[in-house]
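*Asks:* Sharing a sequence plus its predicted fold:
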Amino acid sequence: MLELLHEIQGTLRRNMMRTIATGFAVVSGLFLLIVLQGAGNGVIHSFQYNMGNFAFDAVHVFGGMTTKPWEGIKEGRLIKLDDRDLDMSRRHFPHQITSAIPTVNHEGVVASVGAHHISAATMVGVFPEYAASQTVEVLEGRFINSIDMTEKRKVCVLGSNSCKDLFKEAGSPIGRGVELGGILYTVVGIYKTNEMFNSTEFYVPYTTLCTIYNKGRFIDELTMNTRNIPTDTAMQQFIGEYIRATSHIHSFDPEDDRALWIWNQAGDNIQMQRATNILNKAFWILGLLTLLSGVVSVSNIMLISVKERTREFGIRRAIGARPWNIVSMVVLESVVITAIFGYIGMLLGIFFCEWMDATVGNQVMDIGVFQTKYFIDPTVDLKTCIQATVVIIVAGALAGFFPARKAVKVKTIDALRA
């Protein structure tokens, strides 16, 4: 084996241009595959990160305005959700709805702490279950609890961006006061704000907001977490059944698509997963085609190499070399080339992905209305890199095996005449 490796080393040195051409094909194929995969992962990771604070099994229902007359009632009537909708959601759809949580809003309030203020804040009256239902991540302190609800406490949970705007002094804001609409509330928690949106929502106990602003039995938003709805068709069927059930409560045409406004995050999740899968497959196809072009280049170069060495193979056979000795030499030569340059291509691809991560990864794009991270962790796991390298090594071995096998079948005298 040692003698064979020395012989392969001599052959590669004598055919330096051919070796470099083969190595370039291997390096470029693996490099482009890893870079394309890294870039695709960067886009997918950024999308998943920016959507991380959204509950994608949720359906939000809001009251709308009728655009069609119904049973003697003219169009243009406002539909206001109330506790009857909450009861219907929980009783009529036990297999599709895991939880139904009402919220009430009071918009346009001024939030102030000393000289610092936010002019257009929104107070949201919520239940304690809202945090788990809507994946609200509490960074410090706690969320609204049952005691706050029972005692109608004036406490609030504010977003991390609002905390930076209002509490500019050092120290924790937990336990400190903030004025919302001229009423003093105690800060009990800080939740993580989605970086895509400059949220100014302050969560307060549902009972507190209803009492202070006399909301009565009306609901501004009904948030439902769904299950057992795996497809778009099933989701559309569920939405249709829900609208029909609601139309019986509020007496409107179930075909009136303006009577209710429904934000279907669960349906958006199905579409998002589909788009992510398509994007992932597209990058894989581009990467594999690039790798395939490298394999084809290696095959062509090895085919030419074997054809040029037909006379050499004839001489070897004339002095006693067996066909398998010649085939194994060519295959090992191909494996050595693809393994060395494949490793180089893998390292270059990994380093380039790390460079992308260090230079453009985690950068924030500010477009005024919201901020977003557009490229996060554009890297490829080591297992994928090793698998791609093994594939091109195997392809290189096959690229050397078949033409060499064909060459040794030529009669020795014919090979010497080549």
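*Replies:* Good, I have the coordinates. Numbers count the residues shown, from 1 in each chain.

*Asks:* And the helices in the chain?
*Replies:* Taking DSSP state H, the helices of the chain run over residues 2-14, 16-50, 83-92, 130-133, 146-151, 160-166, 206-212, 232-250, 265-308, 310-318, 323-359, 382-408, 412-417.

*Asks:* would you turn these into CSV with distance to Val61 and mean pLDDT?
*Replies:* In this view, the C-beta of every residue, glycine as well, is placed from N, C-alpha and C. What follows is the helices of the chain, written out as CSV (distance: least, C-beta to C-beta, whole Å; pLDDT from 0 to 100):
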stretch, distance to Val61, mean pLDDT
helix 2-14, 71, 65
helix 16-50, 24, 79
helix 83-92, 7, 91
helix 130-133, 14, 88
helix 146-151, 22, 96
helix 160-166, 27, 90
helix 206-212, 16, 95
helix 232-250, 8, 90
helix 265-308, 12, 76
helix 310-318, 78, 76
helix 323-359, 41, 84
helix 382-408, 43, 83
helix 412-417, 82, 68
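
*Asks:* between the ones you listed, which gets nearest to Gly181?
*Replies:* The closest of these to Gly181 is helix 206-212. By C-beta to C-beta, the value is 8.5 Å.

*Asks:* How far does the closest one sit from its chain's centre?
*Replies:* The chain centroid and the centroid of helix 206-212 are separated by 38 Å under C-alpha atoms, centre = their mean, to the nearest Å.

*Asks:* list the helices and strands it packs on?
*Replies:* strand 97-113, strand 116-126, helix 146-151 (3 or more C-beta pairs under 8 Å, 6 or more residues apart in numbering; DSSP states H and E).

*Asks:* Could you quantify the relative orientation of the first one and helix 232-250 as an angle?
*Replies:* Think strand 97-113. For strand 97-113 and helix 232-250, the angle between their directions (axes from the mean of the first three to the mean of the last three C-alpha atoms, to 10 degrees) works out to 70 degrees.

*Asks:* Pull out the buried positions in strand 97-113.
*Replies:* Of all the residues in strand 97-113, those buried under the rule 16 or more other C-beta atoms under 10 Å are Ile97, Ser99, Ala100, Ile101, Pro102, Thr103, Val104, His106, Val109, Ala111, Ser112, Val113.

*Asks:* quick one on the thing from earlier: save the helices of the chain as a markdown table, and put in distance to Gly72 and mean neighbour count too.
*Replies:* Below are the helices of the chain laid out as a markdown table (distance: least, C-beta to C-beta, whole Å; neighbours: other C-beta atoms under 10 Å):
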| stretch | distance to Gly72 | mean neighbour count |
| --- | --- | --- |
| helix 2-14 | 92 | 12 |
| helix 16-50 | 48 | 20 |
| helix 83-92 | 21 | 16 |
| helix 130-133 | 39 | 18 |
| helix 146-151 | 41 | 14 |
| helix 160-166 | 48 | 19 |
| helix 206-212 | 33 | 19 |
| helix 232-250 | 15 | 16 |
| helix 265-308 | 34 | 17 |
| helix 310-318 | 96 | 17 |
| helix 323-359 | 65 | 19 |
| helix 382-408 | 66 | 19 |
| helix 412-417 | 100 | 14 |
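
*Asks:* Adding distance to Met224, write those helices out as JSON lines.
*Replies:* As requested, the helices of the chain are exported to JSON lines (distance: least, C-beta to C-beta, whole Å):
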{"stretch": "helix 2-14", "distance to Met224": "68"}
{"stretch": "helix 16-50", "distance to Met224": "23"}
{"stretch": "helix 83-92", "distance to Met224": "6"}
{"stretch": "helix 130-133", "distance to Met224": "9"}
{"stretch": "helix 146-151", "distance to Met224": "20"}
{"stretch": "helix 160-166", "distance to Met224": "27"}
{"stretch": "helix 206-212", "distance to Met224": "16"}
{"stretch": "helix 232-250", "distance to Met224": "8"}
{"stretch": "helix 265-308", "distance to Met224": "9"}
{"stretch": "helix 310-318", "distance to Met224": "75"}
{"stretch": "helix 323-359", "distance to Met224": "39"}
{"stretch": "helix 382-408", "distance to Met224": "39"}
{"stretch": "helix 412-417", "distance to Met224": "79"}
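
*Asks:* For Gly64, which of the ones you listed is the nearest?
*Replies:* helix 232-250 (10.2 Å).

*Asks:* what packs against that closest one?
*Replies:* strand 58-63, helix 83-92, strand 260-264, helix 265-308.

*Asks:* List just the one of the helices and strands packed on helix 206-212 that sits closest to Gly63.
*Replies:* Checking the helices and strands packed on helix 206-212 against Gly63 by C-beta to C-beta gives strand 97-113 as the closest, at 12.0 Å.

*Asks:* Can I get the closest one in CSV, CA atoms only?
*Replies:* Provided in CSV are the C-alpha atoms of strand 97-113 (Å, rounded to 0.1, in the frame of the first residue of the first chain):
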residue,chain,number,x,y,z
ILE,A,97,-60.7,24.8,20.3
THR,A,98,-58.5,24.1,23.3
SER,A,99,-58.9,27.6,24.9
ALA,A,100,-61.0,30.7,24.3
ILE,A,101,-59.7,33.8,26.0
PRO,A,102,-61.4,37.3,25.8
THR,A,103,-59.5,40.6,25.8
VAL,A,104,-60.7,44.2,26.0
ASN,A,105,-58.7,47.2,24.8
HIS,A,106,-58.5,50.8,25.7
GLU,A,107,-56.4,52.7,23.1
GLY,A,108,-54.8,56.1,22.8
VAL,A,109,-53.8,56.4,26.5
VAL,A,110,-50.7,58.3,27.6
ALA,A,111,-48.2,56.3,29.5
SER,A,112,-45.8,58.4,31.6
VAL,A,113,-43.1,58.0,34.2
